[in-house]
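Asks: Generate coordinates for the sequence data below:
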Amino acid sequence: MLQIKEKKDCCGCEACIQRCPQQCIAVREDSEGFLYPVVDEGRCTDCGLCERVCPGLQPGEPREPLKVYAAKNPDEKVRIQSSSGGIFSLLAEQVIRAGGVVFGARFDGRWEVVLDYTEAMEGLEAFRGSKYVQSRTGETYRQAETFLRAGRKVLFCGTPCQIAGLKLFLRKEYENLLTVDFICHGVPSPGVWRKYLQEIAARRAAGKNTVLSASLNTSDDISQNISSISFRDKALGWKKFSFVVRLSATDGAEKNSVLLSECFSKNLFMRGFLTNLYLRPSCYACPAKSFRSGSDMTIGDFWGVECVLPDFDDDKGISGVMLNTRKAEVLWKSIPVDCKSVLYPQLYRANPALEMSAKESGNRKLFVWKEGQLLLPLIERLTRESRWKKLKAGSRFCLRVFLQKTGLFHTVISIIRKCKI
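Replies: Coordinates of the predicted model:
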């Protein structure tokens, strides 16, 4: 029988719920909005299947990628819509063309994040772009298994722990399955996300612009007015991305209006996420790091690419791609991608989340809010930078500007790169 003694032991993949033959495991939301399994002991037959599909109890072995690339989608429109280089879309389109099925994360009608599948090209757009909230796995493992048994090609994209849960759930390898995970910093609380949306909408309604209705106390009110959310808008470039929420056009307006548009470093939700203030407890001791998920391919932002391939970087998004299996290599050769081979250490240097779990914020235990308490002031207070950190950041910025103006920036980067490789 599955027993969660400490919250850090459960990554929330929901493999146990989908595999239980008695259907005696349900999910319960905690005070932060994270879901945890709860077993009905009266119906449990103690078969042990739930324990055998748990990534926390059955961690995989660490691996190294077979090949590593810096890559970008040659379709610039798709790349701009994507968080990094638009590689997921290339993979997904290839699978759809072969009559397959693609699983990925999308927003639902309440702007919460769920895993879902599509069999059509038109359905891929909803899966593009990062969504920095833990997604509900729902019935997707069972659905994927049904498609696989029917002989359909399946591409399943999720967090490393979700892929680990899927592999354990299936209990066998399928040649027609391609699993793709991504470089994961950690997953923020769905409850915090829900509360955040309510508060930014309420602030807008209370201000001069009254596009939203006065009643904004439920997520239903919010979902009726929001038309799109982008955690990684590239209007200012890939490296200086923005968090943008747009509202539906009202009163005959031709264009959607912008509820909020902030650089990621200024946006409070992103600040809380990037400082590890409200990640799931398991993210601080992730069981799927170092390619333990068993995925065929790992993708993500190639941060630091300007130091490795300066001529390849155009600030529109470059993906780091790690091919972990021969199956992934075969698919990679079949897609029209613009790519350059690199060494794994060159990618890892600015992407330590590939192997290292998020470090728990020193203020994590202070992040507690009660019913009726405002969330935004709490995040602002707990993520406020010290004067020393601001001074260091300012010094680095001034040094970079000086080197760029004197034409020495790329020379210095080249020297550093040669010294480290």
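Asks: Domain map for the protein?
Replies: 7-52, 62-360+371-384, 386-421 (automatic domain parsing).
Asks: Go through the ones you listed and name the closest to residue 1.
Replies: For residue 1, the closest of the domains of the chain is domain 7-52, at 5.4 Å, according to CB to CB. The way it works is simple: take the backbone N, C-alpha and C, and place the C-beta from them, glycine included.
Asks: Compute the first-to-last residue distance for that closest one.
Replies: 18 Å (CA to CA, to the nearest Å).
Asks: element containing the closest residue to residue 52 other than its chain neighbours, please.
Replies: Of all residues not flanking residue 52 in the chain, residue 58 sits nearest, at 6.5 Å (CB to CB, 6 or more residues apart in numbering). Assignment of secondary structure by DSSP states H and E places residue 58 within no helix or strand.
Asks: If you tally nearby residues, what's the number for residue 58?
Replies: The burial count assigned to residue 58 is 15, neighbours taken as other CB atoms under 10 Å.
Asks: quick one: it and residue 50 touch, right?
Replies: No - counting by CB atoms under 8 Å, residue 58 stays clear of residue 50, with 11.0 Å between them.
Asks: For the stretch 151-300 of the chain, which segments count as strands?
Replies: 154-157, 177-182, 226-233, 242-247, 257-263, 297-301 (DSSP state E, counting those that start in this stretch).
Asks: And those strands: which comes nearest residue 339?
Replies: Using CB to CB, the nearest of the strands of the stretch 151-300 of the chain to residue 339 is strand 297-301, at 11.7 Å.
Asks: from the middle of its chain, how far away would the helix or strand following the closest one be?
Replies: Sequence order places helix 305-308 as the next helix or strand after strand 297-301, per DSSP H and E. Relative to its chain's centre, helix 305-308 lies at 23 Å (CA atoms, centre = their mean, to the nearest Å).
Asks: sorry, back to before: same list, the domains of the chain, but as CSV with mean neighbour count please.
Replies: Below are the domains of the chain laid out as CSV (neighbours: other CB atoms under 10 Å):
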stretch, mean neighbour count
domain 7-52, 17
domain 62-360+371-384, 19
domain 386-421, 11
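Asks: In terms of mean pLDDT, which of these ranks lowest?
Replies: If you rank those by mean pLDDT, domain 386-421 sits at the bottom with a mean of 60.
Asks: Enumerate every residue touching the residue nearest to residue 187 when sequence neighbours are not counted.
Replies: Closest residue to residue 187 apart from its sequence neighbours, by CB to CB, 6+ apart: residue 134 at 3.8 Å. The contact partners of residue 134, by CB atoms under 8 Å, 6 or more residues apart in numbering, come to 12, 34, 113, 187, 188, 189, 190, 280.
Asks: isn't the second one right next to residue 280, touching?
Replies: Translated: residue 34. Yes - contact criterion CB under 8 Å: residue 34 and residue 280 qualify, at 5.5 Å.
Asks: Identify the contacts common to these two.
Replies: By CB under 8 Å, 6+ apart, the residues touching both residue 34 and residue 280 are 7, 12, 134, 189.
Asks: Pipe those residues into JSON lines and attach secondary structure and distance to residue 260 per row.
Replies: Conversion of these to JSON lines gives the following (DSSP: H, G, I helix; E, B strand; the rest coil; distance: CB to CB, whole Å):
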{"residue": "7", "secondary structure": "helix", "distance to residue 260": "31"}
{"residue": "12", "secondary structure": "coil", "distance to residue 260": "28"}
{"residue": "134", "secondary structure": "coil", "distance to residue 260": "21"}
{"residue": "189", "secondary structure": "coil", "distance to residue 260": "19"}
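Asks: so which two of those are the farthest from each other?
Replies: Longest span within these, CB to CB: 7 and 134, 12.9 Å.
Asks: Residues that sit against both of those two, list them.
Replies: 34, 280.
Asks: just the contacts of residue 134 now: which is nearest residue 130?
Replies: Distances from residue 130 to the contacts of residue 134, taken by CB to CB, are shortest for residue 113, at 10.3 Å.
Asks: Tell me what the closest one is bridged to.
Replies: Per DSSP bridges, the residues bridged to residue 113 are residue 107.
Asks: wait, it sits on residue 138?
Replies: No - using CB under 8 Å, residue 113 is not in contact with residue 138, being 11.0 Å away.
Asks: Now the element after the helix or strand where residue 28 lies, going C-ward?
Replies: Using DSSP H and E, residue 28 sits within strand 25-29. Per DSSP H and E, the first helix or strand lying C-terminal to strand 25-29 is strand 35-39.
Asks: Can you give the strand pairings for that following strand, parallel or anti for each?
Replies: Counting by DSSP bridges, strand 35-39 is paired with strand 25-29 (antiparallel).
Asks: what's the partner strand in contact with?
Replies: For strand 25-29, using CB under 8 Å, 6+ apart, the contacting residues are 2, 14, 16, 17, 35, 36, 37, 38, 39, 40, 50, 191.
Asks: Kindly recompute the last result at 7 Å.
Replies: 14, 16, 17, 35, 36, 37, 38, 39, 50 (CB atoms under 7 Å, 6 or more residues apart in numbering).
Asks: likewise stretch 264-280?
Replies: 11-12, 32, 34, 132, 134, 186-189, 192, 196, 241-243, 358-361, 363-364, 367, 376, 379-380, 382-383.
Asks: hmm, 8 Å instead?
Replies: With CB under 8 Å, 6+ apart, stretch 264-280 has contacts from 7, 11-12, 32, 34, 132, 134, 185-189, 192-193, 196, 231-232, 240-243, 260, 283-284, 358-361, 363-364, 367, 376, 379-380, 382-383.
Asks: again with stretch 229-247
Replies: 80, 83-84, 107, 111, 129-132, 197, 200, 211-212, 225-228, 256-264, 267, 269-270, 301, 315-318.
Asks: rerun at 7 Å
Replies: 80, 83, 107, 111, 129-132, 200, 211, 225-228, 256-264, 267, 269-270, 315-317.
Asks: need the contact list for residue 184.
Replies: Taking CB under 7 Å, 6+ apart, we find residue 184 in contact with 159, 160, 353.
Asks: Would you agree the first one is in contact with residue 183?
Replies: No - counting by CB atoms under 7 Å, residue 183 is not a contact partner of residue 159; they are 10.1 Å apart.
Asks: What separation is there between residue 106 and residue 125?
Replies: Distance of residue 106 to residue 125, computed by CB to CB, to the nearest Å: 9 Å.
Asks: do the same with residue 31
Replies: 34 Å.
Asks: quick revisit: and which of the shared contacts of residue 34 and residue 280 is nearest residue 155?
Replies: Each of those was checked against residue 155 using CB to CB; the closest is residue 134, at 21.0 Å.
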